[in-house]
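Enquirer: Turn this into a structure:
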Amino acid sequence: MFYNEMKTITAITDALKTSLSTVEVLPGTIDQWQTDLAIPFLLVDGHLGLPQKLLYKLLPCALSLLKQFRLSSSRSSPSSQETTSLLEASSIILLANPAHQTALNQRKRLILAAHWSVKQELDFSTLLLSSSREASKQSILWDHRRWLFQTEYIHNRDHPRLIPAPLLEKELGVILRGCESYPRNYYAWAHWEYCLDKLYEGCAKDEGDYFPIVTRASNQLLRWMEHHLSDYSAAHHLCRLVHRFYGLPKTHEEMSDVDLSFDQLSKQAISLLSRYADHEALWMYLRASWAVGGDQFHRENLKASIDALPTCKYREQCISWCKFCHAL
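Expert: Sure, this is the predicted structure:
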C-alpha cells in the first residue's frame, strides 16, 4: 500500500545523512520548483528542499511505521531494521510536524538504548530547526536539545563533564539562526540562557576555552542590535550577558578585545537612539543597560546623554523612569 511512499521516505532520509547545510520545507508541490518530477525533492549544493505537500503525502505512511515500531518494541529489543524504520519515520513526521512529541520520545529511547548517538541527533535537530519558521519556534525542539546535552554530558553516569566549549559556541550560532527565522523567539532565547549558564560554569572553573566564546557572543549580540532594532529580547539578553560575566576574575584579562562593560551597552543604545528615536525597543534597551549595573558616575553621564536625545514620548517616559529608579 505504501510502497512508493516508503521508497521516497528512504531517499529523503538517505539525503539527511549526507553533509547538508540546511533543510527547508518548500510551499506547494515539486512541479512548482523543478521539471524533473522523477525526483520529488530538491538537493542542490548541500541544501535539501522538501515540498510541503510531499511531506503531507508521506505522513500517513510514516505514522503507520511509527505505530508498528512502538508495538514491536514493547515486546522485544528493536532490530537493526526496526531502528532504521523508526529513524526514517520519525524524521518525516518531525519535518511535517516539528512538535510531534511521540516521535521525539522514540528517538530519545533509541539514544538511551545506544542505537543512535547524541551527536547524530544534534545534527538532525539542527537541520530540523532550519527547516521552517514553524520549527524554529517550537519549545519542544529546544527542550529536546537540552535533554541531549544533559544526557551526554551533565548526567552522564560514567563521565559527567562540562559541555565542550566549541559545542556551546556552535549552539549559540544555531540559536541566532532560529531567532533570524522567527523574530523575538522566546524559546530560542531561553535556550540561549541555558547555554550561558554552561559557559559561566566553564569560566568559573577557570577553563580558558570558555572565555573567548563569551567575547564572541557579546560581539555577536552587539552586531545583532545594529541590524535588529526592534528585537528587545536580544537587547535584554545582551544586558544579562554583561551583568553575568562582568564580575568574573579573569574577564578583562581573557577578553581584552571586547569592552564587556555597562558603558559599552549604554553607548550603543544612545548611538542607535540618536538615529532611530522612534523605536521603542531601543529605549527599553537603554533602560535595561541602566538597570543591570554601573556606578553613580556612569548613571549621571547616561542621564546627560538621554537629555540630549531627540524629543519624543519614549524619551520623556525614559527620563521619568530614570528619576523614579534614582529615587529608590
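Enquirer: Tell me which helix or strand comes right after the helix-or-strand element of the chain with minimal mean pLDDT.
Expert: Ranking every helix and strand in the chain by mean pLDDT, DSSP states H and E puts helix 251-254 at the bottom, with a mean of 50. Sequence order places helix 262-275 as the next helix or strand after helix 251-254, per DSSP states H and E.
Enquirer: so how far is that following helix off the chain centroid?
Expert: How far helix 262-275 lies from its chain's middle: 26 Å, per C-alpha atoms, centre = their mean, to the nearest Å.
Enquirer: Show me what that helix is packed against.
Expert: The contact analysis (3 or more C-beta pairs under 8 Å, 6 or more residues apart in numbering; DSSP states H and E) places helix 262-275 against helix 211-227, helix 232-245, helix 280-292, helix 296-307. From N, CA and C alone the C-beta is placed, and that goes for glycine too.
Enquirer: what comes up buried for that helix?
Expert: 262, 264-270, 272-273 (16 or more other C-beta atoms under 10 Å).
Enquirer: Redo those residues as CSV? Include distance to residue 321 and pLDDT.
Expert: CSV is the format used below for these (distance: C-beta to C-beta, whole Å; pLDDT from 0 to 100):
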residue, distance to residue 321, pLDDT
262, 17, 81
264, 21, 86
265, 16, 89
266, 14, 88
267, 19, 90
268, 19, 93
269, 14, 93
270, 15, 93
272, 18, 95
273, 14, 93
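Enquirer: mind giving me JSON lines with those residues and columns for distance to residue 188?
Expert: What follows is the buried residues of helix 262-275, written out as JSON lines (distance: C-beta to C-beta, whole Å):
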{"residue": "262", "distance to residue 188": "25"}
{"residue": "264", "distance to residue 188": "24"}
{"residue": "265", "distance to residue 188": "21"}
{"residue": "266", "distance to residue 188": "26"}
{"residue": "267", "distance to residue 188": "27"}
{"residue": "268", "distance to residue 188": "22"}
{"residue": "269", "distance to residue 188": "23"}
{"residue": "270", "distance to residue 188": "28"}
{"residue": "272", "distance to residue 188": "23"}
{"residue": "273", "distance to residue 188": "26"}
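Enquirer: closest to residue 27 among the residues you listed?
Expert: Taking C-beta to C-beta as the measure, residue 27 sits nearest to residue 272 out of the buried residues of helix 262-275, at 35.2 Å.
Enquirer: ok, the closest one to residue 220 distance?
Expert: 16 Å (C-beta to C-beta, to the nearest Å).
Enquirer: residue ranges with poor pLDDT in the chain?
Expert: The chain contains residues with pLDDT under 70 at 1-3, 35-37, 72-76, 247-259, 294-295, 297, 326-328.
Enquirer: in it, which helix has the most residues?
Expert: Scanning the chain for the helix with the most residues, using DSSP state H, yields helix 52-73.
Enquirer: Relative to the whole chain's centre, how far out is that helix?
Expert: The answer for helix 52-73 is 27 Å, by C-alpha atoms, centre = their mean.
Enquirer: rewinding a little: residue 197: which of the helices and strands packed on helix 262-275 is closest?
Expert: Taking C-beta to C-beta, helix 232-245 is the member of the helices and strands packed on helix 262-275 nearest to residue 197, at 8.9 Å.
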